[in-house]
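Q: Here is my input; please provide its structure:
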Amino acid sequence: MVLNFHKDWTSNLKEAHSSFILNQYFPYTYTTMIQQHLAYSVAKDTEEMKFTGSAAEGLSIPKMFKVSADDDEGTCTGSITYDASEADHDFLLVHKMYPIGNQEDVWRNEQIFAVIDSHDSHPGYFKLLHVEREDGPYVRENISSSSKEILGEVIQDSLPLKMLPKPPTVTSNVVQTNFIRDVYAHVAGKHKADEFSQHGPALMQSSPAKQTHPSFQSLNLATTNTEETDYVIALPCLTWPNEAKPWITRHRWSGWPGRKLIQEIVSHGCHAVAIPHPRSTCRDHEWRFSFSIAERKLAHSMTLPQRHCYVLLKTLYHYELSQYHVMSTYHLKTITFWVCEKMSPTAWTRFKMAKCLLLLLDHVIQCLVLHNIPNYFIPENNMIDHIHKDFISNMLKHVVQIRKDPLKFLFKINEIHKCVLQPLSVSMEDVFMPLVQDMKIEGNSVTASLENAFTPVTNKLAACYIWEDKYKEAVDVYYYTANLHRVAREYYNIFSSLNIQALCLSKQDPGKAIQFYGFLTSTFEGCAYVNNFFWNLACLLHAKAEEQTGPEKLATMNKAESAFRKALEGDTDIASEVHFANFLIRNENYDDAAAYLMHAISRLDDNTTVHNSYSQQEAKTLEANIRREVEVHNHISIPTQVYIQYLLTECYMHINQPEAEACVQKLDIVSQASGTGNAYALLGYAHMKLQNFYKAWLAFDTVTKVNPESDITAKNNKILCIALGMSKLVHSNRRAITHD
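A: Numbering: from 1, shown residues only. From the prediction side, this is the model:
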């Protein structure tokens with residue numbers, strides 16, 4: 001992937017920068033989630049009910065809300081107002097008892113009760129002429145002459161040939177739309193007034209809006225809106241209408257939709273709904289073609305970038321353009337379908353999102369300039385030819401302004417309307433400001449833009465996502481940045497970046513960090529870097545367990561041990577193996593700890609220089625004496641050879657006392673070889689464990705000589721050794737006197 005700094009001269013937007021912003025304005029995981037649930041919309045279908053609208057098509061914008069803050073800081077408390085119409089939940093109620101079709105199909109399908117007559121109707125609209133079928137004379141199937149032989153009422157029983165009924169007659173009787181409205185009135189009358197109401201050509205059901213996204217669990221928000229579902233009664237058109245047959249064979253530059261999808265759409269026909277053209281003079285008997293099921297199939301075939309781009313366009317329309325009442329989201333979808341036909345599939349990528357959105361806006365402008373939005377299936381149907389040109393001109397001016405800087409309008413929308421998938425704690429404009437500013441710098445290098453704009457924005461955005469438990473979104477933003485350019489892949493490591501974020505989080509909220517590491521270990525299972533995630537998860541669990549007691553502590557320690565063992569699978573460094581031994585000792589598993597320590601010794605050689613380092617955050621997971629050293633000095637770095645012998649001393653004190661004394665002798669040797677204050681400090685503590693207080697005093701005295709300015713702990717330990725030694729001597733004398 002090439003990081004494209006190409007600038008659009010109308011908007012002055014650089015493709016790479018603006019595409020990054022558009023990809024993250026609504027997290028790409030939303031589009032992915034919608035894609036994964038498309039099959040659900042089809043599964044809800046029955047023979048008599050079809051799930052349609054943007055929700056079924058996977059083309060709805062995320063749930064948006066407006067929050068009124070109760071305090072000056074603008075925190076998310078107070079009331080929440082859902083925006084009502086960003087997702088269309090529509091159902092076609094198919095009146096299968098009244099199928100329709102083309103006039104030439106009447107003979108082939110005896111179910112058809114009315115035929116389409118589009119004469120004297122606006123393109124896309126039609127009248128229905130009733131078909132009469134009579135019982136009576138029969139004709140023989142094998143008679144091919146134009147004047148078929150009428151057999152009359154006498155039919156020979158011995159005739160082996162199949163008989164057909166009398167040919168159907170297409171009458172001039174026009175099917176009225178009144179009976180559809182009667183059905184609506186009947187349904188609405190059987191329910192409470194606040195449940196169903198007539199809404200244009202549809203029956204609308206209202207229900208309280210629901211929001212179950214985890215981001216809202218910690219917010220004190222009151223819902224004030226309702227969700228609406230429209231039910232539209234439709235007649236099935238069993239055959240593909242003649243008016244739309246050119247759609248089947250027309251040339252498509254992009255190859256979308258493919259032949260197989262076209263054949264599938266045509267085989268399912270379409271529907272008729274009782275909606276006349278706005279300027280119709282025959283409103284009581286004019287119908288409109290509905291291609292809702294075909295459009296759902298087309299929408300399901302759209303790629304993720306196409307879907308994401310359309311959602312952005314729809315958002316701009318919903319909050320900036322809907323008040324003009326010139327276009328609807330259906331018109332936007334139609335324009336998008338036309339662009340998908342013309343634009344190569346390779347042009348629709350995440351990294352060209354800005355170019356795609358600007359192209360869609362250009363087509364919207366073109367349609368408004370021409371005062372023509374051709375229906376996707378019947379292009380002769382100009383869907384806005386009834387709109388006054390002044391209204392179109394007013395909307396056109398606004399669209400042109402949006403085209404000059406769509407990001408400005410998206411940021412403006414975000415200031416008032418939030419999406420649960422976006423970071424709720426920050427302004428999107430503030431987050432993306434480094435990218436906006438970097439776009440204004442001419443001749444900036446790829447490396448400079450990555451360092452000064454993309455990386456800071458990525459880290460800040462990911463940190464916000466992680467803090468709000470939106471882990472998939474955090475991973476996606478790193479993935480996007482890492483794939484911007486080959487320089488980014490060299491400069492940027494997704495796993496190490498996520499690890500740094502998690503470590504930063506652990507300092508603020510260890511519980512959240514544990515949850516995040518749990519997500520990372522399950523998400524990246526099998527990746528080489530996952531061992532690092534398991535290791536840090538284990539350390540955090542161990543630290544948490546040290547604050548617990550009883551069964552709760554035991555359960556957490558078991559989780560930590562499982563994570564440690566997964567982290568140690570495959571290649572691991574010696575220091576990590578030694579730290580796991582420390583964990584086993586804290587869990588009183590001395591035999592296993594000793595085995596790991598002996599294995600670590602076998603891996604060491606004379607040239608190996610390894611240290612185990614600990615900070616305040618890890619202090620609680622360490623042995624009491626080392627913990628005290630960390631608390632005093634804020635940090636400790638222990639030569640691993642020294643640390644092994646110190647931990648072995650503790651193991652063998654519980655397993656085999658003589659072995660513990662041998663370990664202290666070895667500890668003395670490696671401490672002298674190390675020559676560091678920390679090594680002599682551990683030697684002193686080991687002698688104290690064995691109650692060799694004089695040798696302990698000598699070790700701590702050496703610490704004060706090695707670090708004359710630093711160590712008040714060693715000085716205190718010297719005093720403690722004298723006191724303990726004197727106490728031991730007094731105790732021994734008393735025992736001797738008592739014995740005598």
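
Q: Can you find the helix or strand in the protein with the smallest mean pLDDT?
A: One helix or strand of the chain scores below all others by mean pLDDT, DSSP states H and E: strand 221-223, with a mean of 40.

Q: Run through the chain and note the low-pLDDT ranges.
A: Where the chain drops to pLDDT under 70, the residues are 1-5, 67-88, 134-167, 181-201, 206-227, 487-492, 606-608, 709-711, 728-740.

Q: at 50 instead, please
A: Applying pLDDT under 50 to the chain flags the ranges 1-2, 69-80, 82, 84-85, 137-162, 193, 212-224, 733, 736-737, 739-740.

Q: returning to that earlier point: beyond the least confident helix or strand of the chain, next helix or strand please.
A: Downstream of strand 221-223, the next assigned helix or strand under DSSP states H and E is strand 226-237.

Q: Go through that next one and flag the buried ones.
A: Of all the residues in strand 226-237, those buried under the rule 16 or more other CB atoms under 10 Å are 227-237. From N, CA and C alone the C-beta is placed, and that goes for glycine too.

Q: cool, stretch 623-636 as well?
A: Buried, per 16+ other CB under 10 Å, within stretch 623-636: 623, 625-630, 633, 636.

Q: Okay, and which of those map to helices?
A: Judged by DSSP state H, those include 625-630, 633 as members of helices.

Q: nearest to Leu358, of the residues you listed?
A: Distances from Leu358 to these, taken as CB to CB, are shortest for Val630 (56.6 Å).

Q: Tell me how far the closest residue to that closest one other than its chain neighbours lies from His542.
A: Closest residue to Val630 apart from its sequence neighbours, by CB to CB, 6 or more residues apart in numbering: Ala619 at 4.2 Å. Distance, Ala619 to His542, by CB to CB, to the nearest Å: 12 Å.

Q: Give me the number of neighbouring residues for Leu520.
A: 25 (other CB atoms under 10 Å).

Q: which residues sit in contact with it?
A: Shown in contact with Leu520 (CB atoms under 8 Å, 6 or more residues apart in numbering): 471, 498, 502, 530, 533, 537.

Q: Dihedrals phi and psi, Asp90?
A: phi -120, psi 150 (degrees, to the nearest 10).

Q: Check Glu47 too.
A: phi -60, psi -30.

Q: now it, nearest residue through space, not along the chain?
A: Closest residue in space to Glu47, ignoring its immediate chain neighbours: Lys96 at 6.6 Å, by CB to CB, 6+ apart.

Q: His579 too?
A: Nearest to His579 is Asn612, by CB to CB, 6+ apart, at 6.1 Å.

Q: Doesn't the one you found lie inside a helix?
A: No. Assessed with DSSP: H, G, I helix; E, B strand; the rest coil, Asn612 is strand; it does not lie in a helix.

Q: Who does it form a beta bridge with?
A: Taking DSSP bridges as the rule, Asn612 bridges to Ile638.

Q: quick one: it and Tyr643 touch, right?
A: Yes. With contacts counted by CB atoms under 8 Å, Asn612 reaches Tyr643, the gap being 5.1 Å.

Q: Now do the shared contacts for those two.
A: Taking CB under 8 Å, 6+ apart as the criterion, Asn612 and Tyr643 both touch Val578.

Q: For Thr447, grab the count of nearby residues.
A: Neighbourhood size, Thr447 [other CB under 10 Å]: 12.

Q: same deal with the one 4 residues further on?
A: As a burial measure, the neighbour count of Glu451 was computed by other CB under 10 Å and equals 12.

Q: what about it, which SS state?
A: When classified by three-state DSSP, Glu451 comes out as helix.

Q: any idea how far it is from Arg307?
A: According to CB to CB, Glu451 stands 32 Å off from Arg307.

Q: just so I have it, where are all the helices in the stretch 151-300 of the chain?
A: 178-189, 246-249, 259-267, 292-300 (DSSP state H, counting those that start in this stretch).

Q: Could you identify which of those helices is most buried?
A: Mean neighbour count (mean count of other CB atoms under 10 Å) peaks for helix 292-300 among the helices of the stretch 151-300 of the chain, with a mean of 22.

Q: In PDB, list the C-alpha atoms belonging to that helix.
A: Extracted in PDB, the C-alpha atoms of helix 292-300 (Å, rounded to 0.1, in the frame of the first residue of the first chain):
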ATOM      1  CA  SER A 292     -36.900  -3.700  -2.000                       C
ATOM      2  CA  ILE A 293     -35.800  -7.400  -2.000                       C
ATOM      3  CA  ALA A 294     -33.600  -6.800  -5.000                       C
ATOM      4  CA  GLU A 295     -32.100  -3.800  -3.300                       C
ATOM      5  CA  ARG A 296     -31.400  -5.800  -0.200                       C
ATOM      6  CA  LYS A 297     -29.600  -8.400  -2.300                       C
ATOM      7  CA  LEU A 298     -27.500  -5.700  -3.900                       C
ATOM      8  CA  ALA A 299     -26.700  -4.000  -0.600                       C
ATOM      9  CA  HIS A 300     -25.600  -7.400   0.800                       C
END
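
Q: May I see the ones in helices among the buried residues of stretch 623-636 arranged in TSV, with distance to Ala16 as well?
A: As requested, these are arranged in TSV below (distance: CB to CB, whole Å):
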residue	distance to Ala16
Asn625	55
Ile626	50
Arg627	49
Arg628	53
Glu629	50
Val630	46
His633	47
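
Q: tell me which of these is nearest to Ile116?
A: Closest to Ile116, out of all of those and judged by CB to CB, is Val630, at 84.1 Å.

Q: and which of the ones in helices among the buried residues of stretch 623-636 is nearest Leu59?
A: Val630 (56.3 Å).

Q: Touching, that closest one and Ser615? I think so.
A: Yes. Between Val630 and Ser615 there is a contact under CB under 8 Å: 7.1 Å.

Q: Touching, Trp240 and Val266? I think so.
A: Yes. Applying CB under 8 Å, one finds Trp240 in contact with Val266, separated by 4.6 Å.

Q: tell me, what's touching those two both at once?
A: Residues touching both Trp240 and Val266 (CB under 8 Å, 6+ apart): Ile248.

Q: what about the nearest residue to Ala594 once chain neighbours are set aside, how many neighbours?
A: Distances taken as CB to CB, 6+ apart place Cys651 nearest to Ala594, at 4.3 Å, with adjacent residues excluded. Cys651 has 25 neighbours, counted by other CB under 10 Å.

Q: tell me the contacts of Cys651?
A: 585, 590-591, 593-594, 597, 660.

Q: again, 6 Å this time
A: For Cys651, the contacting residues are 590, 593-594, by CB atoms under 6 Å, 6 or more residues apart in numbering.

Q: Likewise for Gln263?
A: If you count contacts by CB under 6 Å, 6+ apart, Gln263 has none.

Q: His611 is in contact with His635, isn't it?
A: No. Judged on CB atoms under 6 Å, His611 makes no contact with His635 at a distance of 11.4 Å.

Q: can you pull the contacts of Lys472?
A: Thr29.

Q: what are the C-alpha coordinates of the helix or strand containing it, in PDB please?
A: If you go by DSSP H and E, Lys472 is part of helix 471-482. Extracted as PDB, the C-alpha positions of helix 471-482 are listed here (Å, rounded to 0.1, in the frame of the first residue of the first chain):
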ATOM      1  CA  TYR A 471     -10.900  -3.200  22.200                       C
ATOM      2  CA  LYS A 472     -11.700  -4.200  18.600                       C
ATOM      3  CA  GLU A 473     -11.700  -0.600  17.600                       C
ATOM      4  CA  ALA A 474      -8.300  -0.100  19.300                       C
ATOM      5  CA  VAL A 475      -6.800  -3.000  17.400                       C
ATOM      6  CA  ASP A 476      -8.300  -1.800  14.100                       C
ATOM      7  CA  VAL A 477      -6.800   1.700  14.300                       C
ATOM      8  CA  TYR A 478      -3.300   0.200  14.800                       C
ATOM      9  CA  TYR A 479      -3.900  -2.200  12.000                       C
ATOM     10  CA  TYR A 480      -4.900   0.600   9.700                       C
ATOM     11  CA  THR A 481      -1.800   2.700  10.500                       C
ATOM     12  CA  ALA A 482       0.500  -0.200  10.200                       C
END
